[in-house]
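Chemist: I'll drop the sequence and a predicted model, then ask my questions.
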Amino acid sequence: MISTSPATTAASGTTAQSSTPATSRRVVDAPIRMFHWLFALTFAGAYVTAESEHWRLLHVTQGYAFAGLLGFRLLYGVFGPRHARLGLMWRRVAGAPAWLRSLRSARSAPPVNWRQGQNLTMALLILTMLALVAPLVLSGYGAYNDRGEIFGGDLLEEVHEFFGNVLFAVVIAHLGLIAGLSLLRRQNQALPMLTGHVHGNGPSLVRHNRAWLAALLLLSVAVFVAWQWFDSPRGLLPSSHTGAESNVLKHGEVRGQRHEDDD
């Protein structure tokens with residue numbers, strides 16, 4: 001009979017535990033993750049190129065792609081799987097009054113559910129970002145197509161800039177909340193948007209990853225940008241002659257004005 005010492009048993013148990021893979025479950029599917037990063041990329045690009053006339057075509061192209069991504073998210077949020085439904089976030093936000101009342105009665109009632117408040121704030125920021133896209137894109141479309149004269153000069157440009165800055169502030173608040181929750185919960189809250197998984201036991205919220213739909217979304221945006229690129233005589237990037245041509249045009253206008261004054 002072979003006897004096993006306690007040390008050997010403990011060592012084998014440790015080896016078995018270390019060889020056991022960490023459990024995880026999928027909580028975000030591929031289309032949502034693809035939308036998230038394309039949404040962030042197009043807004044960041046449009047915001048950076050907003051102040052330069054040389055980047056106007058690229059700015060407009062990213063704005064149109066931004067609007068198209070919103071359309072996809074609305075359709076996916078209505079007809080997509082349950083975990084992607086926008087109604088879930090709306091119901092979470094609708095619980096804000098009850099949660100705020102729980103803060104008032106925190107002394108006599110059970111402890112406040114702070115996790116619910118954190119999730120509520122996150123859902124509110126996401127819905128606010130989606131709601132700001134429509135006025136931002138519509139005002140930008142009107143300003144780009146010279147519709148601002150109908151509404152009083154540069155009014156649409158000012159409205160467009162206002163909504164762009166408001167959306168930028170909401171994005172910063174969103175990033176700050178993610179960073180704060182990551183420190184508070186000691187877990188990277190942005191990781192699910194990269195991998196689609198979170199560590200821990202339990203059932204997966206997403207049964208089908210739908211990678212094909214994510215690839216189709218990426219292809220659609222790429223085709224649209226390529227079409228805009230080849231449709232423009234000089235592409236979407238400013239050429240080295242743009243600044244010189246604008247200076248020549250400006251000097252020509254000044255000379256013409258001088259000749260009119262002399263006449």
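Modeler: Sure thing, it's come through.
Chemist: Going by C-alpha atoms from here, please, whenever you check contacts or count neighbours.
Modeler: Noted.
Chemist: Would you state the helices of the stretch 151-263 of the chain in chain order?
Modeler: 155-185, 192-195, 211-231, 242-262 (DSSP state H, counting those that start in this stretch).
Chemist: Gln62: which of the ones you listed is closest?
Modeler: helix 211-231 (8.0 Å; C-alpha to C-alpha).
Chemist: can you list the weak-confidence ranges in the protein?
Modeler: 1-22, 105-110, 112, 146-153, 239-263 (pLDDT under 70).
Chemist: Reformat the helices of the stretch 151-263 of the chain as JSON lines; add mean neighbour count and distance to Leu86.
Modeler: Below are those laid out as JSON lines (neighbours: other C-alpha atoms under 10 Å; distance: least, C-alpha to C-alpha, whole Å):
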{"stretch": "helix 155-185", "mean neighbour count": "16", "distance to Leu86": "17"}
{"stretch": "helix 192-195", "mean neighbour count": "16", "distance to Leu86": "17"}
{"stretch": "helix 211-231", "mean neighbour count": "14", "distance to Leu86": "18"}
{"stretch": "helix 242-262", "mean neighbour count": "11", "distance to Leu86": "44"}
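Chemist: Tabulate the ones you listed (a markdown table), appending distance to Gly142.
Modeler: Below are those laid out as a markdown table (distance: least, C-alpha to C-alpha, whole Å):
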| stretch | distance to Gly142 |
| --- | --- |
| helix 155-185 | 7 |
| helix 192-195 | 34 |
| helix 211-231 | 19 |
| helix 242-262 | 24 |
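Chemist: nearest to Thr42, of these?
Modeler: helix 211-231 (10.0 Å).
Chemist: Ramachandran coordinates for Ser24?
Modeler: phi -150, psi 160 (degrees, to the nearest 10).
Chemist: and what of Arg85?
Modeler: Dihedral angles for Arg85 - degrees, to the nearest 10 - are phi -70, psi 130.
Chemist: Wait, Met193 touches Leu38, no?
Modeler: No - using C-alpha atoms under 8 Å, Met193 is not in contact with Leu38; the gap is 11.9 Å.
Chemist: circling back: what's the closest of the helices of the stretch 151-263 of the chain to Ser102?
Modeler: So among these, helix 155-185 is nearest, using C-alpha to C-alpha, at 21.1 Å.
Chemist: distance between stretch 140-147 and the chain's centre?
Modeler: In terms of C-alpha atoms, centre = their mean, to the nearest Å, the centre of stretch 140-147 is found 24 Å from the chain centre.
Chemist: What residues sit buried inside it?
Modeler: Gly140, Tyr141, Gly142, Ala143, Arg147 (16 or more other C-alpha atoms under 10 Å).
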